[in-house]
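Visitor: Just a sequence and a predicted model for now, questions to come.
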Amino acid sequence: MEKLTVDELLNKDINNKIIVFPTDTVYGVGCKIDDRESINKIYQMKARDYFKPFAILTPNKDLSDYVILNNKSKDIMDKYWPGALTIIFKKKKTINDFLTANLDTVGFRMPNSKIALTILERFGLLATTSINISGEAPLNNIEDIEREFGEYIDYLVVDKAETSNVSSTVIDCSNECFKILRQGDIKISI
């Protein structure tokens, strides 16, 4: 595992690499969205069930190549992104089934974090999840992350960051009736 700043990470090749970095909510672990081997390693390191899909972090709101958007979901994106809101959409065929646990939906989030957005703008969409053993609280400091997962991680971003330590709110916008799946930092009523 290599500890580095976000600026140092920008000069690295992250193909077939697992990276950990702070977002506006919690620290995330991720990899390129088409990197099946690294996605499998993240499932293993977290002891995560394969039926639980990853979320995708995006540097912008331009998701038309990946998901089916409607006016209501666009309004929610405009109001809450960037921010601590993961939105579940109906996916298009451009998103691989292995990334979404064979579901016809996919979660996207645009974080309100300069560090995370800088990484996403450089490398594109990343498959991500919180850094923790599945079902346990997310780890939010460098020492705990290094001790628990250091053998799995290729790059750990160590820049100082403000995190809320509260996971994102998750809203399902894949059907006509929107549904809140997890209430997090952002409070939404629908």
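Guide: Nice, thanks for sending it over.
Visitor: hmm, who's touching stretch 11-21?
Guide: The contact list for stretch 11-21 (CB atoms under 8 Å, 6 or more residues apart in numbering) reads 4, 6, 9, 27-32, 35, 37-38, 41-42, 45, 115-116, 119, 123, 126, 131, 145, 149, 152-157. For glycine as for every other residue, the C-beta is placed from the backbone atoms N, C-alpha and C.
Visitor: Counting neighbours, which of those residues end up buried?
Guide: The neighbour-count test (16 or more other CB atoms under 10 Å) marks 4, 6, 9, 27-32, 35, 38, 41-42, 45, 115-116, 119, 123, 126, 131, 145, 149, 152-157 as buried among those.
Visitor: Go through the contacts of stretch 11-21 and flag which are in helices.
Guide: Of the positions in those, 6, 9, 37-38, 41-42, 45, 115-116, 119, 123, 145, 149 sit in helices, assigned by DSSP state H.
Visitor: measure the residue most central in space within the chain to Thr58 for me?
Guide: The C-alpha lying nearest the average C-alpha coordinate of the chain belongs to Thr128 (CA atoms, centre = their mean; 3.4 Å). Per CB to CB, to the nearest Å, Thr128 is found 10 Å from Thr58.
Visitor: With Met1 instead?
Guide: From Met1 across to Thr58, the span is 26 Å (CB to CB).
Visitor: which one of the two has more residues nearby?
Guide: Neighbours of Met1 and Thr58, each counted by other CB atoms under 10 Å, are more numerous for Thr58; the result is 20 against 15.
Visitor: How confident is the prediction for that one, by pLDDT?
Guide: Confidence at Thr58, expressed as pLDDT, is 98.
Visitor: Now do the contacts for it.
Guide: Residues near Thr58 by CB under 8 Å, 6+ apart: Phe108, Arg109, Met110, Leu120, Leu125.
Visitor: burial count for the last one?
Guide: Other residues lying near Leu125 total 20 when counted by other CB under 10 Å.
Visitor: Might one say that it is in contact with Ala55?
Guide: No - at 10.5 Å, Leu125 and Ala55 do not qualify as touching, with contact defined as CB atoms under 8 Å.
Visitor: Low-confidence ranges, this protein, go.
Guide: Applying pLDDT under 70 to the chain flags the ranges 190.
Visitor: that older thread, and the ones in helices among the contacts of stretch 11-21 as JSON lines, adding distance to Ser167?
Guide: JSON lines is the format used below for these (distance: CB to CB, whole Å):
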{"residue": "Val6", "distance to Ser167": "22"}
{"residue": "Leu9", "distance to Ser167": "23"}
{"residue": "Glu37", "distance to Ser167": "26"}
{"residue": "Ser38", "distance to Ser167": "22"}
{"residue": "Lys41", "distance to Ser167": "22"}
{"residue": "Ile42", "distance to Ser167": "17"}
{"residue": "Met45", "distance to Ser167": "18"}
{"residue": "Ile115", "distance to Ser167": "18"}
{"residue": "Ala116", "distance to Ser167": "14"}
{"residue": "Ile119", "distance to Ser167": "19"}
{"residue": "Phe123", "distance to Ser167": "23"}
{"residue": "Ile145", "distance to Ser167": "16"}
{"residue": "Phe149", "distance to Ser167": "18"}
